[in-house]
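> here you go, sequence then predicted model.
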Amino acid sequence: MPNYPQLICTSDLLEDNHSLGFHHEQEKGIIVRYQGQVHAYLDSCPHRNKSLGDGPNFLDSDNLFLRCEHHQALFALDSGTCITGPCVQQQLTSVAVTEQDGQILLLGWPRQVNG
């Protein structure tokens, strides 16, 4: 069982309205900074449980939404809620993170249920 917190990256690597992919054990996540706050999600579109893309940037061309490159679904940066595409009103799975002392830290990993 992994120990938390775990370092994802230093804070200076994630600018406002930008995203980065990261790995945790055998799974992938995405961190995004929006209005100065860091949010994190599993890298899995709720439509078909596929990765949102190859990164390193997972945002649309205007850097306003996370975008699934497979289905063109758009997700709000601060909530992970799908606003357009085949999974409207569904959400990306949140991942617990914090930012302190110039570091973005992973606090835990959600259990993913495949249905």
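Arrived safely, thanks for sending. Residues are numbered from 1 along each chain as shown.

> all contacts plus neighbour counts: C-alpha atoms, from now on.
OK.

> mind checking the SS state of the nearest residue to Ile31 once chain neighbours are set aside?
Nearest residue to Ile31 in three dimensions, chain neighbours excluded: Ala40, at 4.3 Å (CA to CA, 6 or more residues apart in numbering). When classified by DSSP: H, G, I helix; E, B strand; the rest coil, Ala40 comes out as strand.

> Ala40 contacts Lys28, doesn't it?
No: here Ala40 lies out of contact with Lys28, judged by CA atoms under 8 Å, at a distance of 10.7 Å.

> on that earlier part again, so what's the residue nearest to Ile31 up against?
Counting by CA atoms under 8 Å, 6 or more residues apart in numbering, Ala40 touches 29-32, 94-97.

> the same query, at a cut-off of 6 Å, please.
Shown in contact with Ala40 (CA atoms under 6 Å, 6 or more residues apart in numbering): 30-31, 94-95.

> surely Asp12 forms part of a helix?
Yes: Asp12 forms part of a helix when assessed by three-state DSSP.

> now do it: how many residues are near it, please.
By other CA atoms under 10 Å, the residues close to Asp12 number 9.

> ok, which stretches of the chain are strands?
With DSSP state E as the criterion, the chain has strands at 6-10, 18-24, 27-34, 37-42, 65-67, 74-76, 82-84, 97-100, 103-106.

> what sits up against the fifth one?
Contacts of strand 65-67 with the rest of the structure, by CA under 6 Å, 6+ apart, involve 58-60, 73-77.

> could you dump the strands of the chain to a markdown table with distance to Lys50 and mean pLDDT?
Shown next, in a markdown table, are those (distance: least, CA to CA, whole Å; pLDDT from 0 to 100):
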| stretch | distance to Lys50 | mean pLDDT |
| --- | --- | --- |
| strand 6-10 | 22 | 97 |
| strand 18-24 | 14 | 95 |
| strand 27-34 | 11 | 96 |
| strand 37-42 | 10 | 98 |
| strand 65-67 | 12 | 96 |
| strand 74-76 | 14 | 97 |
| strand 82-84 | 15 | 97 |
| strand 97-100 | 22 | 97 |
| strand 103-106 | 22 | 98 |
